[in-house]
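# build me a model from this:
(one chain, ligands or ions: 1)
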Amino acid sequence: MSDGRACFDREREAPVSRFPTVRMRRLRRTPALRRAFAETRLDPAGLVLPVFVKAGLDAPQPVASMPGVRQHTTASVVELAQEAVAAGVGGMILFGIPANKDAEGTTGWDPAGPVPTAARAVRDAVGDGLVLWADVCQCEYTDHGHCGPLDDRGTVINDAAVEAYVRDALTYAEAGVDLVAPSGMMDGQVAAIRGGLDGAGFEDVGIVAYAAKYASAFYGPFRDAAESTMAEGDRASHQMDPANRREAVRELDLDVAEGADALMVKPALPYLDVLADARARHDLPLAAYQVSGEYAMVAAAAARGWIDGAAAMRESVLSIRRAGADLVLTYAAIELARDSA
Ligand code: PBG
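Numbers count the residues shown, from 1 in each chain. Prediction:
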């Protein structure tokens with residue numbers, strides 16, 4: 001009885017340890033304890049909603065491969081922004097589908113294009129109620145669906161693509177976005193955009209670099225939503241090889257050196273090791289993109305009753321936060337924000 005565990009020692013024969021069992025369960029006992037001791041939280045301010053705006057639409061159109069996601073008109077994107085603000089969502093990132101495409105993607109920097117138009121309308125409607133981001137890439141604007149103009153062999157020409165990104169970024173800055181997020185994975189894109197913005201007086205517009213963006217099969221549904229499926233080829237000559245982890249360290253370091261204000265890893269859940277490495281190495285804010293395929297898999301399984309969709313989505317985004325992301329881009333931002341309120 002000297003070990004103080006008499007109440008467990010009614011049967012004399014029962015073995016009694018001299019050492020108390022470590023009680024990991026003590027702090028898991030009630031919802032209040034679990035809430036108090038949670039190491040990671042889903043703050044809606046750190047959620048960013050990706051949004052598709054399409055020129056010439058009369059009404060929002062559902063995206064078949066992404067249940068709950070739509071291509072928006074300028075008017076419906078404003079309503080969505082208001083919903084996001086009401087739910088406490090911290091930001092919105094705009095993607096555009098133009099009325100016309102050509103080999104150079106010249107509608108990417110049209111001030112009357114879908115992204116600048118939506119940016120101005122959202123800013124008018126909600127002011128600084130959310131952080132407004134614009135994705136910068138040419139794949140939605142070229143008729144071949146690649147991230148910039150192509151050479152004779154069908155490979156994206158690095159510097160010509162970067163030049164287009166600078167024009168795009170300036171157009172979006174002019175329309176009032178807070179942040180531009182270059183996603184094309186061309187070399188030198190961050191430095192060029194920083195130089196372009198500063199030269200035009202947009203020193204306050206920030207750059208979130210898609211620093212470690214992989215050539216991923218999980219982008220499939222996005223390409224339906226953004227109408228950016230390639231006529232032929234793939235993006236493996238510029239996006240990263242999924243086999244590579246150390247290479248991501250170099251990509252991240254370069255974007256820091258080029259002047260990025262924040263870094264991004266994409267996709268998110270299949271790349272938590274890359275995210276954890278980025279967190280350990282850099283003090284810059286870190287974002288992760290839970291991409292269309294990650295969203296669609298959960299939605300598809302939930303639709304069949306094979307998984308609890310809301311719980312699985314929550315667990316995925318929490319895991320992405322736990323691995324080191326400060327911000328998470330997710331198509332479920334509004335639903336997640338609502339249920340963490
Ligand atoms: C490029 C871009 C893509 C995504 C975000 N920016 C597609 C691609 O690289 O092919 C994918 C996002 C998603 O799958 O949700 N503009």
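
# would you mind listing what in the stretch 51-200 of the chain touches the ligand?
135, 137, 139, 183 (Cβ under 6 Å from any ligand atom). Just so you know, the C-beta spots here come from the backbone N, C-alpha and C atoms, and that holds for glycine as well.

# can you report how many residues lie near the residue in the stretch 51-200 of the chain that the ligand sits nearest to?
Distances between the stretch 51-200 of the chain and the ligand by Cβ to the nearest ligand atom are smallest at residue 137, namely 3.3 Å. Close neighbours of residue 137, defined as other Cβ atoms under 10 Å, add up to 27.

# wait, it touches residue 184, no?
Yes: between residue 137 and residue 184 a contact is recorded at 4.5 Å, counting by Cβ atoms under 8 Å.

# give me the common contacts of the two.
Counting by Cβ atoms under 8 Å, 6 or more residues apart in numbering, the shared contacts of residue 137 and residue 184 are 147, 165.

# the closest residue to residue 317 other than its chain neighbours: what secondary structure?
Distances taken as Cβ to Cβ, 6 or more residues apart in numbering put residue 328 closest to residue 317, at 5.3 Å, once the chain neighbours are dropped. Three-state call for residue 328 (DSSP: H, G, I helix; E, B strand; the rest coil): strand.

# residues making contact with stretch 109-122?
Under the contact criterion Cβ under 8 Å, 6+ apart, stretch 109-122 has outside partners 51, 53-55, 72, 74-75, 77-78, 81, 92, 94-98, 107, 132, 134, 164, 167-168, 170-172, 174-177.

# repeat the analysis, applying 7 Å as the threshold.
Residues outside stretch 109-122 that contact it (Cβ atoms under 7 Å, 6 or more residues apart in numbering): 53-55, 74, 77-78, 81, 92, 94, 96-98, 107, 132, 134, 167-168, 171-172, 174-177.

# what does stretch 288-302 give?
The contact list for stretch 288-302 (Cβ under 7 Å, 6+ apart) reads 65-68, 216-222, 225, 264-269, 275, 307, 309, 312-313, 316-317, 320, 325, 328-332.

# what of stretch 264-280?
The contact list for stretch 264-280 (Cβ under 7 Å, 6+ apart) reads 181, 208-214, 216, 218, 245, 248-249, 252, 263, 286-291, 294, 316, 319-320, 323-325.

# with stretch 29-45 instead?
For stretch 29-45, contacts defined as Cβ under 7 Å, 6+ apart pick out 27-28, 87-90, 317-318, 321-322, 336-337, 340.

# buried residues in that stretch?
Buried residues in stretch 29-45, defined by neighbour count with 16 or more other Cβ atoms under 10 Å: 42, 44.

# for the protein, which helix is longest?
Criterion DSSP state H: the longest helix present in the chain is helix 158-174.

# how far is that one from where the chain is centred?
Helix 158-174 has its C-alpha centroid displaced from the chain centroid by 20 Å (Cα atoms, centre = their mean, to the nearest Å).

# helices and strands around that helix, which ones?
Under the contact definition 3 or more Cβ pairs under 7 Å, 6 or more residues apart in numbering; DSSP states H and E, helix 158-174 sits against helix 114-126, strand 131-136, strand 179-182, helix 189-199.

# just send those back as a markdown table, with mean neighbour count and distance to residue 258 too.
Formatted as a markdown table, the helices and strands packed on helix 158-174 follow (neighbours: other Cβ atoms under 10 Å; distance: least, Cβ to Cβ, whole Å):
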| stretch | mean neighbour count | distance to residue 258 |
| --- | --- | --- |
| helix 114-126 | 22 | 23 |
| strand 131-136 | 24 | 14 |
| strand 179-182 | 26 | 10 |
| helix 189-199 | 20 | 4 |
